[in-house]
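Undergrad: Turn this into a structure:
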Amino acid sequence: MATSITIQQAAAATGLSVHTLRYYEKIGLIDPVPRQSNRHRLYRQEDLRWIEFLLRLRATGMSIQQMLRYAELRRLGDQLGSVSERKTLLQQHAVALEAELLELQETLEMLRDKVALYAGMERQLKALDHA
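TA: I've put the predicted structure just below:
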């Protein structure tokens with residue numbers, strides 16, 4: 001991949017719309033993207049890696065506000081306070097995800113039990129029909 005790509009290419013690479021990329025930059029979720037002399041944005045590999053991380057956070061249900069806080073802390077650099085708060089934010093989110101996963105696993109098990117129950121009922125009903 002080139003060292004930098006256009007906003008259209010970044011949109012295609014990330015699955016986000018051009019509008020969303022601009023919005024994320026406007027609200028501070030994405031750092032200002034370097035621009036060419038014609039003012040067109042040029043996304044770098046590090047920009048795309050950051051966007052990929054944001055997409056993973058979003059996919060897990062992290063709110064924009066939480067992601068904005070994380071982005072603010074990231075901009076502060078690798079200082080103790082920033083690193084500690086980022087770690088805490090991610091730990092809290094991981095705990096919430098683990099609880100959600102447990103609930104989903106329990107629901108999946110219940111669904112599987114119901115499917116097995118109905119499969120047994122079907123076999124019995126088919127046996128009665130053939131008798």
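
Undergrad: The residue nearest to H40 when sequence neighbours are not counted: neighbouring residues, count only.
TA: With CB to CB, 6 or more residues apart in numbering as the criterion, H40 has its nearest non-adjacent residue at 6.4 Å, and that residue is T6. Yep, even glycine has a C-beta here, placed from its N, CA and C like the rest. The criterion is other CB atoms under 10 Å. On that basis, T6 has 15 neighbouring residues.

Undergrad: what residue ranges in this structure score low on pLDDT?
TA: Under the criterion pLDDT under 70, the flagged ranges of the chain are 1-2.

Undergrad: Run through the helices of it in chain order.
TA: Using DSSP state H, the helices of the chain run over 7-14, 18-27, 45-59, 64-75, 80-130.

Undergrad: Show the backbone phi and psi for the closest residue in space to Q36 that isn't next to it in sequence.
TA: The shortest distance from Q36 to any residue other than its chain neighbours is 5.9 Å, reached at L42 (CB to CB, 6+ apart). L42 adopts backbone torsions of phi -130, psi 110, taken as degrees, to the nearest 10.

Undergrad: got a list of what L42 touches?
TA: S4, I5, T6, V33, P34, R35, Q36 (CB atoms under 8 Å, 6 or more residues apart in numbering).

Undergrad: Turn the helices of the chain into a markdown table, including mean neighbour count.
TA: Putting those into a markdown table (neighbours: other CB atoms under 10 Å) gives the following:
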| stretch | mean neighbour count |
| --- | --- |
| helix 7-14 | 16 |
| helix 18-27 | 15 |
| helix 45-59 | 14 |
| helix 64-75 | 15 |
| helix 80-130 | 11 |
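
Undergrad: Perfect, that will be all.
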